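Engineer: all I have is the shape, not the residue letters:
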């Protein structure tokens with residue numbers, strides 16, 4: 001198959017509208033062609049006039065490990081062009097940076113989860129382009145976790161840098177498709193184009209969204225493989241808890257744990273509460289010691305969520321429910337467990353991080369309500385999932 005960047009470079013007719021234009025590139029380390037040439041190098045080699053670069057969270061170089069670590073602007077040492085950070089002093093491109101180009105090409109590998117901030121950056125770029133009369137092209141890439149939908153829809157008033165709009169946690173759209181959705185949602189008047197992929201098959205084995213003939217490159221430091229991407233719509237919620245999400249281990253955001261839980265007891269309680277929610281993956285109790293981040297250098301007992309191998313079934317796996325069930329099990333086993341962190345997550349002051357992540361308090365309230373059952377969470381969530389499946393249909397390009 002071909003990604004958007006590869007189709008653009010292979011087809012002179014697609015490149016033709018860019019001739020004579022000043023071109024900016026919004027990119028990160030995973031912005032590469034099929035032969036692993038970085039997109040900026042490939043575009044310049046093609047003869048395009050690339051006059052600026054922009055970087056999302058974690059930076060153009062992907063060098064900043066944790067969340068809420070801002071990137072500076074700098075001058076690219078190879079080409080001498082300005083590199084503007086969209087996760088530094090500003091989140092939305094400013095008038096000064098918008099004056100450096102005519103067309104912005106967005107070539108970002110996404111993870112298919114609402115909280116992953118690259119889609120918020122897409123929204124902000126589209127808004128700025130509408131304000132300044134600029135053109136935006138998305139060079140489309142796969143949603144590595146395919147088309148399934150899961151999770152509560154973000155509630156009004158809960159918009160944030162990790163909540164760009166009213167969609168569920170697992171939205172099932174590509175960046176190109178999301179651009180069309182944002183333009184419709186926000187009623188933007190912007191010159192927008194998607195350079196579509198060729199041959200993407202999001203429902204096909206073995207990748208189910210991620211093509212097996214393409215190399216995986218971390219789009220952010222703790223996104224090391226497609227299995228992490230599959231688990232991420234659930235495990236990202238761990239960032240709002242005192243449990244480790246595996247940062248500081250070699251399998252971040254595929255596992256959870258803490259020094260003071262009994263992982264086997266947690267898994268047994270999960271199976272007792274809602275065994276059907278565990279379909280499609282395998283759970284394995286483990287021990288790990290994070291080298292940094294939560295519970296650093298402390299032995300933790302935990303659970304590895306294996307979204308891989310013969311035990312993985314794409315259509316059945318529901319990572320948001322798996323992780324929600326783990327919270328419910330821990331709350332049932334340890335009623336007074338200090339589960340929820342309290343700090344301004346992604347600069348959302350006055351709100352608990354778990355609520356910011358979920359776009360509302362519903363998941364936390366369900367977890368903490370001793371009378372609430374898995375069926376109750378399904379009753380809240382299934383209407384949101386059905387509504388999204390219907391509303392997103394007209395934006396599907398593949």
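Structural biologist: Perfect, I can see it now. Computed from a predicted model, the values in this text were never measured in an experiment.
Engineer: and the residue nearest to residue 355 when sequence neighbours are not counted, how far from residue 319?
Structural biologist: Using Cβ to Cβ, 6 or more residues apart in numbering and skipping the chain neighbours, the partner closest in space to residue 355 is residue 361 (4.7 Å). Every residue, glycine included, has its C-beta placed from N, CA and C. Separation of residue 361 from residue 319 (Cβ to Cβ, to the nearest Å) stands at 21 Å.
Engineer: one more: residue 183?
Structural biologist: 29 Å.
Engineer: secondary structure element for the residue lying closest to residue 381 once chain neighbours are set aside?
Structural biologist: Excluding its sequence neighbours, the residue lying closest to residue 381 (Cβ to Cβ, 6+ apart) is residue 152, at 5.5 Å. For residue 152, there is no enclosing helix or strand under DSSP states H and E.
Engineer: residue 152: what's it in contact with?
Structural biologist: Applying Cβ atoms under 8 Å, 6 or more residues apart in numbering to residue 152 gives the contacts 168, 169, 358, 359, 360, 362, 363, 380, 381, 384.
Engineer: cool, and residue 118?
Structural biologist: Per Cβ under 8 Å, 6+ apart, neighbours of residue 118: 56, 57, 108, 110, 175, 219.
Engineer: residue 287: neighbour count?
Structural biologist: Look at residue 287: counted by other Cβ atoms under 10 Å, it has 10 neighbours.
Engineer: that one against residue 299, yeah?
Structural biologist: Yes. Using Cβ atoms under 8 Å, residue 287 is in contact with residue 299, at 6.3 Å.
Engineer: can you lay out the contacts of residue 118 as CSV showing distance to residue 209 and neighbour count?
Structural biologist: Listed next are the contacts of residue 118 as CSV, based on distance: Cβ to Cβ, whole Å; neighbours: other Cβ atoms under 10 Å:
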residue, distance to residue 209, neighbour count
56, 20, 28
57, 22, 26
108, 16, 23
110, 11, 24
175, 13, 23
219, 14, 22
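Engineer: of those residues, which pair is most distant in space?
Structural biologist: 57 and 175 (14.6 Å; Cβ to Cβ).
Engineer: just the strands in the chain please.
Structural biologist: 22-26, 49-55, 74-75, 82-85, 103-106, 135-139, 191-195, 255-258, 282-288, 300-306 (DSSP state E).
Engineer: direction included, what does the fifth one pair up with?
Structural biologist: So that's strand 103-106. strand 22-26 (parallel), strand 135-139 (parallel) (DSSP bridges).
Engineer: just put those in a markdown table and tack on mean pLDDT and distance to residue 96.
Structural biologist: Output for the strands paired with strand 103-106, formatted as a markdown table (pLDDT from 0 to 100; distance: least, Cβ to Cβ, whole Å):
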| stretch | mean pLDDT | distance to residue 96 |
| --- | --- | --- |
| strand 22-26 | 98 | 13 |
| strand 135-139 | 98 | 18 |
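Engineer: TSV for the ones you listed, including distance to residue 13 and mean neighbour count?
Structural biologist: Below are the strands paired with strand 103-106 laid out as TSV (distance: least, Cβ to Cβ, whole Å; neighbours: other Cβ atoms under 10 Å):
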stretch	distance to residue 13	mean neighbour count
strand 22-26	17	24
strand 135-139	14	24
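Engineer: follow-up on the earlier one: show the model's pLDDT score for the residue nearest to residue 381.
Structural biologist: The per-residue pLDDT reported for residue 152 equals 98.
Engineer: ok, back up a step: more neighbours, residue 361 and residue 319?
Structural biologist: More neighbours surround residue 319 than the other of residue 361 and residue 319, with 28 against 16 (other Cβ under 10 Å).
Engineer: the more buried one contacts residue 234, correct?
Structural biologist: Yes. Counting by Cβ under 8 Å, residue 234 is a contact partner of residue 319 at 3.5 Å.
Engineer: so what's in contact with these two at the same time?
Structural biologist: Contacts common to residue 319 and residue 234, judged by Cβ under 8 Å, 6+ apart, are residue 305.
Engineer: separation between the closest residue to residue 212 other than its chain neighbours and residue 54?
Structural biologist: Excluding the flanking residues, the one nearest residue 212 by Cβ to Cβ, 6+ apart is residue 206, at 5.6 Å. Residue 206 is 34 Å from residue 54, where distance means Cβ to Cβ.
Engineer: now swap in residue 366 and tell me
Structural biologist: Counting by Cβ to Cβ - residue 366 and residue 54 are separated by 39 Å.
Engineer: more neighbours: those two, which one.
Structural biologist: residue 54 (26 against 20).
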